[in-house]
Every structure is written in C-alpha cells, then in structure tokens.
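Enquirer: when you get a sec, could you give me coordinates for this:
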Amino acid sequence: MWVLQTPPIVRQGPFQSHLSCTSRVLSRFRVAFVSLNPSADPIKDSKSDNNRLIQSLCKEGNLKQALQLLRSVRNPTQQTFEQLIYCCAQQNSLDGGLDVHRCLVNSGFDQDPFLATKLINMYYEFGSIDHARKVFDETQERTIYVWNALFRVLAMVGCGEELLDLYGQMNWIGIPSDRFTYTYVLKACVVSELSVCPLRKGKEIHAHILRHGHEANIHIMTTLLDVYAKFGCISYANSVFGAMTAKNFVSWSAMIACYAKNEMSMKALEMFQLMVLEARDLLPNSVTMVSVLQACAGLAALEHGKMTHGYILRRGLDSILPVLSTLITMYGKCGEISMGQRVFDKMKSRDVVSWNSLISIYGMHGFGKEAIQIFESMIHQGVSPSYISFIAVLGACSHSGLVEEGKVLFESMHSKYRIQPGMEHYACVVDLLGRANRLDEAIELIEDMHFEPGPTVWGSLLGSCRIHCNVELAKRASTMLFELEPRNAGNYVLLADIYAEAKMWNEAKSVMRQLEARSLPKLPGCSWIEVKRKIYSFVSVDEYNPQIEELHALLIKLSTEMKQQGYVPQTNVVLYDLDEEEKESIVLGHSEKLAVAFGLINTVKGETIRITKNLRLCEDCHAVTKFISKFANREILVRDVNRFHHFRDGVCSCGDYW
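Expert: Have a look, this model is predicted:
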C-alpha cells in the first residue's frame, strides 16, 4: 500500500509546487511499474529512479531541481554525484558545488578517489584553489589521478614551487608518474618564480623521464622542449627535438617558437621550411603561424612575411585574433605601417592585443602622437587598456620625445585605470625623461619607486647617460647593473662608450679589461637584409661573403666622396688604442654598412633597402646611411634594437634622436 502514498503538496512557493508535481509524477511511475512487475523490489527501484532523475535534470541543466531532489535521496550513486559536480562547474555555481560536496561527505563518498578528482577540477573552475587543496588533503586513498588533478590546478595558477614539493612527496611514497604528471611538473618549472633554479629542476625531471622510459612520449618531450626554450637552452631543446622518434605539429611548432623567441629567426624560418618539406601530412596551425610571423618580424623579412600572410589566407587562419595581431606587428617591424593598418582595419572583431599591436608599430616608427590617438580611440570604443597597452604607448612617447604626454599617461595608470605601474612602465618613463635630458627627474622617479628598481630601469638610465655623456650618473647606474646583471657584457660596453665619449680613455680601457678578465662574451654586431626572398646576414668581420671585396670597395669609394662633402668618421666608437686610420677602417666595416652596400649592389634602382640590426645603430653608421640615402636616391629602412630609422634624402625619421 505504501507505493500509493504521495508526498504532501507544499504551497510555500512555485519551486516547491514544481517539486511536488515532480514527486507525484514519480509516484505514479512507481505504481505503474509495480503493477507491471509485481516481483520488483519497490524500495530499490525507487532509489534507482531518483538517481536517474537527478542525472537527467543535470544533463538538462536544471541544477536547482536536481539539488532539491538530492536532499530526499538516501543513497545517491557515484554517477549521480559525478553529474552533479559537472553541472555545478558548467553553471559556475560555487554554492551548488559546496552543497554537493556536503552531501557527498554525508553519503560516505568523501574517500572516493574518482569523485575527489572531479571535486578538485570543479573547485579549480570556480577559482577556489583552497577548497581544491582541502579535498586533496582530506583524501586518504590518493591515486595518480588525484595527484594529477591537484598538479594541474597548481600548474594553471602558477604555484610551481608547491607543485614540485608535492611531486617530491609523491615520489617518496612510491607512486609512479604518468605522462600527465610529467607534463604538469615540467610546466611548474616555467609558470612561477622558484626559490630553486627552475632550469636545474627541469633537468632533474628530464633525468627522471629517461630513467623511467618515457622518452618516447611525444607529449612529455614537447613540454620538456618548451622548458629548455623558456630558459634559452637552444642546444638542449634541439637535442630533445632531434631525439623524438615521432613528431606532431605541436612539437614542430614548439621548436619553431623556441628559435623565434630566442632571437634565432633565421633558424625558425629554416625549421618551418623543413616542417613543410618533411612533414607534409602535418598542417601548421595558428600557433605555428604566429611563431613564423614573429621570425619574419625579427628579420624584417617582408617578402617572407607576405608569403606567410598568403599561406594564412589559403589555410583560412585569417579570422584568428592572435594571428592577425601578429600580422600587424610583422608588417610594422618590416617597415610597412600601412599594411599593418590595413590588416587592423579589416578585422571583424578586435581585442586589446590587436589595439596594442597597432599602438606599438606606430610607436617604434616614432609616430608618438598617432600612437596616443590610437590609444584614445581604443578607450573610446570601450576597450579597457591593459598592462601592455601602457608599455606600448609610453614607449611611443619616449621615441617621439613627448615628455608631458607620457607623464600624464603614466599618472593615469593607477588614478584612472587602477593599473599598478610595473618595472617596464618605470623603465619607459626613465627612458622618456632621460632622452629629453631630464636626468634629475629620472633619478628622482627611480628613488620614489615602491619596489626595488631592476635591470631594465637602470639600463634605461645608463642608455640616457650615454646620449648626454653624463659620467657621474653613468657610474651610479652601472654599479647597480654590475650587481644585478654581473654576466651582461652590454653594460660594460655601454659604460666604456660613455668614458670614450668623455675622452676618459684610461677609464674606458679599465672597463674593457674587466670585461676580458671576467671572460664575458661581447655580443657581436650583426645585420640582416632580405634580397629576392633570401636573407643574408653580415658581421663586422665578414670573410665568408663572396662579394666581400666588392662591398669594401664600394664603401671606400662612398667614404672618399663623403669626406669631400665634409663627412668626418666618428671613430670614438672604437674603444681600442689604435691609430686613426685603423679606427676608420674598423667603423667602415660595421655590419650595417656592409648590409647597405650589399643592398645597393643587389637590388634594382628605386627599391627600398630594409635592414635589421641586433644592437643600437652607432653614430657613424647613422651619419653614413643618411648620406647614402641622398647620394644613391634610395629609401633605406634600418631597425635597430631601439626603434626604426627611415632614411630618405639625407634625413632620418628619428631626427637624430634615438
């Protein structure tokens, strides 16, 4: 007779009435089921029906009704809890998730490793990392899946040190790692600041992978490749890639990105060509193309960039925002602002990254006012500026000498947009003030920083001291840099340049002796030029180019003609104790001059010459390129480490301010 009883109708509100209606339907279902199958166990079957109904409600997205019914079910099943957890995560209901967790504990499922894994993942979706940790801590039977669930959470939120500590505990108690474990612990080496050396930790994990025979797993080895790439260990990354028995487009893309992000753009393009030739069944995806575009931008290889753009269009990747943003940057870094603007104008939707890319390319070309206008347009169209937006627009102000505008923007960061200025922003403003010879304001800003100034800030100040030959301030900045970056040879060279400019030859020689005594490698000057879709590189002492004698002959001829028109070689950039003729020979052989001469010989009349250099353009090369642009009636674009220089008719776009 009990099967005919129905729950009383509760009239407190519409939800309760709906629930009562649901209960009446269930009761009728039970009566019909018993009449058809008298031998069935009515108690057992009613429990099964309730579990199925909760699962059905969850799949339909009716979380509230499912939770209400859950309270009346005596023994929910594992599958029921799984569906409830999934539904809570989908609907971003932390309160619902906590209710399910409480019911789960009350039902005795709190030690179920499978459900513990689901709970940890659910709490991560809510951003409630402490709850995820609590589930892990309270689970006594921790399978590898439970460990991996927490590892994933910690890797995603940047708690790398905690993850690695737990990984040590897991190894200690003898739980074997799987491919997911290794992937997460390797990511821990790169996602956060570690008190231990993250690279050393990565090597330890690499050894662990080899000892346990996981070196054939493509996912693990690709992540390991990313770790070595992150820390600039190109040879290690290349060894890992070469040893992989099977490669997919992710591993190829990772190796291309490794070269592109570590300023080895030529190798990145070569690797992409190899991928196209050797792995024809693998189609590059948007991630691959972003890295290839970055490599083209790194070399100012416009023709390669255009071909890559064409490939992107053919593959239908031209609607993906990261690809389009990188296209804008690529065209800008190749000296084609109008093409970058055209890509931006044709975008159907834009995010803050797209706007930042456009601001940056105008800034690097010295169009500071235009960059500010774009920044203001972005805000007017309802896109909030990001941390990177202010780096882009402040950098644009610095390259254009817009001091007051830059100061106003810097002040607005916190007061108007609630963005706390970081190290990069301070470095931009120090550079802005320093270039304008407002060094007292620059040092005052540094002293007022709410955190310790880093190498970028002191480096900006030292660079400004070089422009204005401020020896005393240069000593102060370099002392801090030698402490913060003891292995950075560039700081020593910059200080020696400042001493040389001040005719303090003994001090300049002393700094260079320190450089040699510490065996610090001085970065050699290198320039690249693209001619007929081929990229050529030049260094100051280039004996391998088959046209080297022809290049030197052309430069000597040009130098003679320039001297007749008043050109005086600026040999003060040579820090060695040599006679004037030898110094002239050295500056005449600088890599950017060789690249310009190569461009004059190997391109048709009227064609723009595009050159990229890995260091700051020296004063002598700047003066010579201005003359050549007028003498040869050529437009010459040179991108150095700081900015773009457009040389035309004997004038540079930077206004001799770089």
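
Enquirer: what's the burial count for the residue nearest to Lys59 when sequence neighbours are not counted?
Expert: Excluding its sequence neighbours, the residue lying closest to Lys59 (C-beta to C-beta, 6 or more residues apart in numbering) is Gln83, at 6.8 Å. Where C-beta positions appear, they are placed from N, C-alpha and C, glycine not excepted. Number of residues near Gln83 (other C-beta atoms under 10 Å) recorded here: 22.

Enquirer: gap between Gln83 and Cys189?
Expert: 36 Å (C-beta to C-beta, to the nearest Å).

Enquirer: Leu98 now?
Expert: From Leu98 across to Cys189, the span is 34 Å (C-beta to C-beta).

Enquirer: and if you look at Leu283?
Expert: From Leu283 across to Cys189, the span is 30 Å (C-beta to C-beta).

Enquirer: now do the helices in the stretch 201-350 of the chain.
Expert: Here the stretch 201-350 of the chain has its helices, by DSSP state H, counting those that start in this stretch, at 218-230, 234-243, 249-261, 265-278, 286-299, 302-314, 321-333, 337-346.

Enquirer: let me see the ranges of the strands in the chain.
Expert: For the chain, strands defined by DSSP state E occupy the ranges 526-531, 534-539, 609-613, 636-639, 644-648, 651-652.

Enquirer: can you lay out those strands as JSON lines showing distance to Leu461, mean pLDDT and mean neighbour count?
Expert: Formatted as JSON lines, the strands of the chain follow (distance: least, C-beta to C-beta, whole Å; pLDDT from 0 to 100; neighbours: other C-beta atoms under 10 Å):
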{"stretch": "strand 526-531", "distance to Leu461": "26", "mean pLDDT": "92", "mean neighbour count": "22"}
{"stretch": "strand 534-539", "distance to Leu461": "30", "mean pLDDT": "89", "mean neighbour count": "18"}
{"stretch": "strand 609-613", "distance to Leu461": "23", "mean pLDDT": "93", "mean neighbour count": "26"}
{"stretch": "strand 636-639", "distance to Leu461": "24", "mean pLDDT": "94", "mean neighbour count": "25"}
{"stretch": "strand 644-648", "distance to Leu461": "23", "mean pLDDT": "92", "mean neighbour count": "22"}
{"stretch": "strand 651-652", "distance to Leu461": "25", "mean pLDDT": "90", "mean neighbour count": "18"}
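
Enquirer: out of those strands, flag the one nearest Val573.
Expert: strand 609-613 (13.9 Å; C-beta to C-beta).

Enquirer: what about the closest one, distance to the chain center?
Expert: Remark: strand 609-613 is offset 25 Å from the chain centroid, using C-alpha atoms, centre = their mean, to the nearest Å.

Enquirer: same check, this time on stretch 485-500
Expert: Worked out by C-alpha atoms, centre = their mean, stretch 485-500 lies 28 Å from the chain centre.

Enquirer: quick one: residues in contact with it.
Expert: Here stretch 485-500 makes contact (C-beta atoms under 8 Å, 6 or more residues apart in numbering) with 455, 459, 462-463, 465-466, 469-471, 474-475, 478, 481-482, 505, 507-508, 511-512, 514-515, 518, 520-523, 572-573, 575.

Enquirer: 7 Å instead, please
Expert: Residues outside stretch 485-500 that contact it (C-beta atoms under 7 Å, 6 or more residues apart in numbering) are 455, 462-463, 465-466, 469, 471, 474, 478, 481-482, 507-508, 511-512, 514-515, 520-523, 572, 575.

Enquirer: show the buried residues in those residues.
Expert: 455, 462-463, 465-466, 474, 478, 481-482, 507-508, 511-512, 515, 520, 572, 575 (16 or more other C-beta atoms under 10 Å).

Enquirer: now, which of those lie within helices?
Expert: Among the buried ones among the contacts of stretch 485-500, DSSP state H puts 455, 462-463, 465-466, 474, 478, 481-482, 507-508, 511-512, 515 in helices.

Enquirer: contact partners for the residue positioned nearest the centre of the chain?
Expert: The chain has Lys261 as the residue nearest its centroid, 8.6 Å off, counting by C-alpha atoms, centre = their mean. Lys261 makes contact with Ala229 under the criterion C-beta under 7 Å, 6+ apart.

Enquirer: any idea how far Val290 is from it?
Expert: 11 Å.
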